[in-house]
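*Asks:* have a look at this fold, sequence not included:
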């Protein structure tokens, strides 16, 4: 799950002592917009953060959430939209899927749990697991209650069914170069909830107003990069200083690191020149270096190039190729026909 869309509403609710309802997808069948683990928050005034459908179910969920907020009793709301007419619910969604959604109150009486611990884990880049009670005949563990996994495993409650969800740290992106084209990359990455660190030896490129608010900005000489930061802390790095010697220092440091994805901005001829200059270290980048960085989407402006870069990083970190969905679906169908 990703919490960055939920946290502003959660922070506001704590300041105003406003109860919230946390909606968690715990089961799905068929084609659904959200998958198990997806979450949204619903406020008492009907405002919500996060999406579990394309807008088909949110209005109905708000009605159920009002009762959960008032009583504090969790409930599971089930939708089955596999009928093209949706006669049962009259929602006209046509999603051809089904989902069970657990609604749990999160407020002062619950000590703002589990969101307090989930937010702490996310903001401190810690991986944690949380268990939600989705069926129970044990009064000590009512439907909708939640616990850190370690705590509930130690308790070993009988007659309880759990759904376990993980909070995983967001990707941490390292921008090696803070020039004008680094700004849209940082903006798009921040929109996805990623952590961002931008490094440059030129102080003018590190003005805070040029980057999203939570960006870490470091003025470091390229030759000192390996000693100035812990490269193992980063999921991906983009070398984009537009300075040949600086890029060479960056690549040499990254070659000796464990960073999974290394992107290099610039044409193929520049890449070959840099790899030749790296000598034996170039082999250490094999399988990790993407150069020229980004997907081929025809980008020419800084914004569209940034989109191609962030898209490729996203695909690489999630183990996907970045190919069009239509081609992926056609490949699956062709394989099925061949097997048949």
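*Replies:* Received it, and whenever you're ready, just let me know what you need. Since we're looking at a predicted model, the values are computed, not measured. Residues are numbered from 1 along each chain as shown.
*Asks:* quick one: the spatially closest residue to residue 177 that is not a sequence neighbour from residue 195, how far?
*Replies:* Excluding the flanking residues, the one nearest residue 177 by Cβ to Cβ, 6 or more residues apart in numbering is residue 241, at 3.3 Å. C-beta coordinates here come from the backbone N, C-alpha and C atoms, glycine included. According to Cβ to Cβ, to the nearest Å, residue 241 stands 20 Å off from residue 195.
*Asks:* burial count for residue 190?
*Replies:* Residues lying near residue 190 (other Cβ atoms under 10 Å) number 18.
*Asks:* same check on residue 78?
*Replies:* Using other Cβ under 10 Å, residue 78 has 10 neighbouring residues.
*Asks:* please renumber the chain so that the first residue is 4 from this point on.
*Replies:* Sure thing, new numbering starts at 4, so read that last one as residue 81.
*Asks:* which residues touch it?
*Replies:* Neighbouring residues of residue 81 by Cβ atoms under 8 Å, 6 or more residues apart in numbering: 101-104.
*Asks:* change it to 6 Å
*Replies:* Applying Cβ atoms under 6 Å, 6 or more residues apart in numbering, we find residue 81 in contact with residue 103.
*Asks:* that one sits in which helix or strand?
*Replies:* strand 78-83 (DSSP states H and E).
*Asks:* buried residues of that strand, list them for me.
*Replies:* For strand 78-83, the neighbour count (16 or more other Cβ atoms under 10 Å) marks 78-80, 82-83 as buried.
*Asks:* for the protein, just list every one of the helices.
*Replies:* In the chain, the helices defined using DSSP state H lie at 10-19, 61-74, 118-126, 152-158, 185-194, 228-231, 247-258, 271-281, 305-320, 328-342.
*Asks:* among these, which is nearest residue 111?
*Replies:* helix 10-19 (8.5 Å; Cβ to Cβ).
*Asks:* just to revisit the earlier point, tell me the angle the strand holding residue 81 makes with helix 61-74.
*Replies:* Here strand 78-83 runs at an angle of 160 degrees relative to helix 61-74 (axes from the mean of the first three to the mean of the last three Cα atoms, to 10 degrees).
*Asks:* sheet-wise, list the partners of strand 78-83 with their directions.
*Replies:* For strand 78-83, the paired strands and their directions (DSSP bridges) are strand 100-109 (antiparallel).
*Asks:* all strands of the stretch 104-253 of the chain, in order?
*Replies:* With DSSP state E, counting those that start in this stretch, the ranges of strands along the stretch 104-253 of the chain come out as 131-139, 149-151, 163-170, 175-179, 198-203, 219-222, 239-242.
*Asks:* contact partners of the fourth one?
*Replies:* It stands for strand 175-179. By Cβ under 6 Å, 6+ apart, strand 175-179 touches 185, 192, 197-202, 237-242, 253.
*Asks:* cool, and the last one?
*Replies:* Identification of contacts with strand 239-242 by Cβ under 6 Å, 6+ apart yields 176-179, 250, 253, 257, 262, 264-267, 316.
*Asks:* try 7 Å
*Replies:* Strand 239-242 has contacts (Cβ atoms under 7 Å, 6 or more residues apart in numbering) with 174, 176-180, 188, 250, 253-254, 257, 262-268, 296, 312, 316, 320.
*Asks:* narrow those to those that are buried.
*Replies:* 174, 176-180, 188, 250, 253-254, 257, 262, 264-268, 296, 312, 316.
*Asks:* more neighbours, residue 244 and residue 198?
*Replies:* Taking other Cβ under 10 Å, residue 244 and residue 198 do not tie; residue 244 has more neighbours (25 against 20).
*Asks:* that'll do, ta.
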